[in-house]
Each structure stands twice: as C-alpha cells, then as structure tokens.
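In: Give me the fold of what follows.
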Amino acid sequence: MPLATLDRTPPPFFKQGPSAFTRLMFFSALAVFMMVADSRWKVTQPLRAFVATGLHPVQEVLLAPSRWWDSAGHYLSGLDEARQAQARAQRLVMQQAERVMRADQLERENARLRALLALRPRIDVASMAAEIQYDAPDPFTRKVVIDQGSASKVVLGSPVIDEAGVLGQVTRVYPLTSEVTLVTDKDAAVPVVNVRTQQRGVAYGTPHARGMELRFMAGNADVQVGDVLQTSGLDGVYPAGLPVAKVLQVDRRADSAFARISLVPLANPDSTRHVLLLEPTAGKMPERPADAASASASAAESASRHGKVHHPASKKETGGKP
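Out: Numbers count the residues shown, from 1 in each chain. This next block holds a predicted model:
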C-alpha cells in the first residue's frame with residue numbers, strides 16, 4: 001500500500017473535547033486577558049511574588065558556583081593588582097625619600113646662603129583646609145563657594161590652591177562660607193614668572209573659554225609651548241613658587257607688537273573637592289620706602305602735636321654752646 005494512502009488521523013475513539021483551533025483561540029484569548037488584567041489590576045502580582053519567593057533558594061543554589069568562580073577570579077586578580085600597587089608604592093616611597101633628602105639638603109644650603117648674604121628668610125604662610133560646596137549661581141563668572149568663612153578667620157585675598165596648583169583667590173567672605181574667584185575668571189589676574197627663562201608677566205582669565213592668557217608679552221619674547229608658569233610673589237597675595245599654568249599656544253602676529261599666548265591652568269576646579277587656603281603674604285612683606293616715610297612723617301606730626309618732640313636750642317640762645 002502506498003504511504004500517501006495511509007490515514008494519519010486518530011481513530012474516533014481518541015477524538016474527545018474541542019478541536020485544536022478552538023483551544024488555540026481560547027488560550028490566546030485567555031493569555032491576552034491575563035496580560036490586560038495584570039497590567040491594569042495587578043491580579044498576578046501576589047502569585048508572581050509567591051513563585052519568586054519559592055524559587056529564590058533554588059536560584060541562589062544554582063548561582064552559587066558561578067559566584068564562587070567570579071569571587072575566586074576577582075580575588076586572584078585583586079591579589080595581583082595589590083602586589084603591583086605595593087611594588088609601585090615602594091618605588092614611589094624610595095623616590096620620595098630621595099627627593100626629601102635632596103630638599104632637606106637644599107633647604108639647609110639655602111639657609112646658609114641667605115645667612116651669608118644677609119637676606120630675609122622666605123615667607124612662611126599659614127594654611128587651612130576647606131571643601132568646595134558648589135559653583136556660584138552667576139553664569140557670567142567663574143566662582144566657587146567653600147565651607148570656611150570669617151568664623152574660621154578667613155580673610156579677603158586669601159590664595160586657594162589644590163594639589164596641582166593655584167585655584168583662585170577669596171573675594172567675598174561670609175560667616176560660614178567664602179566665595180572664591182577662580183584664575184580662569186575674566187577679572188582674575190595672577191603675576192607669574194616663567195620657570196625656564198625667569199621672565200615675569202601677568203596671566204589673565206579668558207571670558208569665553210575656561211583658560212588663561214599671558215598678555216602684554218612682546219612678540220619676540222622667549223616663550224615656548226610647554227613652559228610652566230609659577231607665581232612670582234610680587235603682588236603680596238600669592239606666595240612665590242606656586243604652579244599656575246602651562247603654555248598651550250603661542251601666536252606671534254605680525255600686525256601686533258604683542259604675542260597672543262594661550263595658557264591652560266594646572267588646577268582643575270571641576271574635578272577638585274578639597275582645597276587649601278593660604279594666608280596672604282602682604283602682611284609679612286617689608287614696607288615700601290614711600291609707605292615707611294609717610295608713616296614716619298605722620299608719627300612725627302602726631303608727636304609734635306602732643307608736645308613730645310624736643311627741638312634743640314640754637315647756638316644764639318645758648319651763648320654759642322652746642
């Protein structure tokens with residue numbers, strides 16, 4: 001008998017219940033109804049929670065080998081990274097120890113040379129730790145607010161630095177907070193000196209970009225890309241030797257007597273959270289000759305008004321005796 005003539009349908013004895021199409025339509029409609037009911041009335045939420053609770057121990061048992069394998073891998077990789085970090089830390093400690101010994105030697109030598117030349121010792125400034133709270137609400141300025149104020153003896157003009165360099169200067173003091181104007185603000189100006197050439201200048205903040213400019217430098221000035229600029233200490237605010245910026249671009253224009261020098265600040269306020277406040281150096285610097293003379297004149301005038309200045313008598317009044 002050919003295979004095509006075989007009857008593949010089950011005998012009538014097994015034909016019970018609705019047809020397959022009817023069951024398909026029924027269960028499809030039931031599935032749609034359950035989905036709508038679950039999304040609208042959350043009817044299956046208790047059942048889902050019950051099933052999830054019952055299957056949670058089974059899930060934990062099945063995931064345990066995978067978690068143990070991952071933990072072992074992380075432990076081994078972490079152990080390797082810890083060993084490498086320890087080796088790097090040991091090398092860094094050795095380098096730092098060498099630098100500290102050099103610094104101590106240079107400091108002693110510097111003290112001897114200053115004593116030999118009868119120079120004033122370098123100014124030591126006090127410092128205070130602070131934390132940046134938030135940016136100032138003014139969108140046209142570059143300012144931040146720190147958590148130290150007049151209650152912590154913060155004064156106007158205090159320099160603010162981070163681990164990379166100069167960040168800005170305190171321009172407004174409140175009882176518990178202070179406002180710091182960043183070096184990238186359009187009104188900020190920092191006297192700087194080129195570390196390579198020892199040429200002095202003034203770095204200004206740029207109004208349009210978060211950078212700085214070294215203005216009023218001659219077109220033939222010895223300034224190169226990559227030069228590091230530090231505070232010169234001539235303004236009586238910033239101590240000398242603090243890193244400020246690095247030369248990014250030098251544009252020597254033929255139609256101008258000054259070169260356009262773009263700088264990139266070394267301190268990044270967007271990624272800095274903790275800063276250090278320094279005491280302004282103006283109070284520790286020697287008085288200017290004009291200020292000292294005016295102060296002496298005012299003191300003499302005040303003393304003469306109170307009759308405390310004794311003028312020597314003339315030779316005529318003393319009979320020619322001195």
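
In: can you map out the strands along the stretch 1-150 of the chain?
Out: 127-135, 143-146 (DSSP state E, counting those that start in this stretch).

In: okay, those, which one's buried deepest?
Out: Burial of those is given as mean neighbour count (mean count of other C-beta atoms under 10 Å); strand 143-146 ranks first at a mean of 20. (Each C-beta comes from the backbone N, C-alpha and C, glycine too.)

In: helices or strands next to it in the packing?
Out: Using 3 or more C-beta pairs under 8 Å, 6 or more residues apart in numbering; DSSP states H and E, the elements in contact with strand 143-146 are strand 127-135, strand 166-173, strand 178-182.

In: let's see it at 7 Å
Out: If you count contacts as 3 or more C-beta pairs under 7 Å, 6 or more residues apart in numbering; DSSP states H and E, strand 143-146 packs onto strand 127-135, strand 178-182.

In: Would you agree residue 210 is in contact with residue 185?
Out: No. Using C-beta atoms under 7 Å, residue 210 is not in contact with residue 185; the gap is 9.7 Å.

In: The two: which is more packed in?
Out: Higher neighbour count among residue 210 and residue 185: residue 185, with 23 against 15, using other C-beta atoms under 10 Å.

In: Next up, the contacts around that one.
Out: 141, 142, 143, 205 (C-beta atoms under 7 Å, 6 or more residues apart in numbering).

In: rewinding a little: out of the helices and strands packed on strand 143-146, name the one with the poorest average pLDDT.
Out: Between the helices and strands packed on strand 143-146, the one with the least mean pLDDT is strand 127-135; it has a mean of 90.

In: Neighbouring strands - and their directions - for that one?
Out: Partners of strand 127-135 in the sheet, by DSSP bridges, are strand 143-146 (antiparallel), strand 274-278 (antiparallel).

In: follow-up on the earlier one: mind giving me TSV with the strands of the stretch 1-150 of the chain and columns for distance to residue 253?
Out: Shown next, in TSV, are those (distance: least, C-beta to C-beta, whole Å):
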stretch	distance to residue 253
strand 127-135	35
strand 143-146	32
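
In: what's the neighbour count on residue 186?
Out: 13.

In: and it, that's in a helix?
Out: No. Per DSSP: H, G, I helix; E, B strand; the rest coil, residue 186 lies outside any helix segment and is coil.

In: Name the nearest residue to it, sequence neighbours excluded.
Out: residue 207 (3.8 Å; C-beta to C-beta, 6 or more residues apart in numbering).

In: Out of the contacts of residue 185, show me where the pLDDT dips lowest.
Out: Among the contacts of residue 185, residue 141 has the weakest pLDDT, 84.

In: And the residue lying closest to that residue once chain neighbours are set aside, how far from residue 217?
Out: Leaving aside its sequence neighbours, residue 141 sits nearest to residue 185 (C-beta to C-beta, 6+ apart; 5.6 Å). Computed as C-beta to C-beta, to the nearest Å, the residue 185 to residue 217 distance reads 21 Å.

In: Need the helices and strands packed on strand 143-146 in CSV (columns: distance to residue 195).
Out: Output for the helices and strands packed on strand 143-146, formatted as CSV (distance: least, C-beta to C-beta, whole Å):
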stretch, distance to residue 195
strand 127-135, 23
strand 178-182, 22
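
In: contacts for stretch 271-282?
Out: In contact with stretch 271-282 (C-beta under 7 Å, 6+ apart) are residues 123, 125-132, 146, 148, 154-155, 157-162, 167, 233, 236-237, 239.

In: And the buried ones among those, selectable in ChimeraX?
Out: Buried residues among the contacts of stretch 271-282 (16 or more other C-beta atoms under 10 Å), as a ChimeraX selection:
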select :125,128,130,132,146,148,154,157,158,159,160,161,162,167,233,237,239
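
In: returning to that earlier point: among the strands paired with strand 127-135, which comes closest to residue 98?
Out: strand 274-278 (25.2 Å; C-beta to C-beta).

In: top helix in this protein by residue count?
Out: helix 45-117 (DSSP state H).

In: Report the rounded mean pLDDT for that one.
Out: Mean predicted lDDT for helix 45-117 stands at 85.

In: Following the record's annotation, map out the domains of the protein.
Out: 24-121, 127-283 (automatic domain parsing).

In: Let me know which of these is tucked in deepest.
Out: By mean count of other C-beta under 10 Å, these have domain 127-283 as the most buried, with a mean of 17.

In: Just give me how far that one sits from the chain centre.
Out: Centre-to-centre, domain 127-283 and its host chain are 13 Å apart (C-alpha atoms, centre = their mean, to the nearest Å).

In: And for stretch 94-102?
Out: 26 Å.

In: There's contact between residue 228 and residue 242 in this structure, I believe.
Out: No. If you go by C-beta under 7 Å, residue 228 and residue 242 don't touch, sitting 11.2 Å apart.
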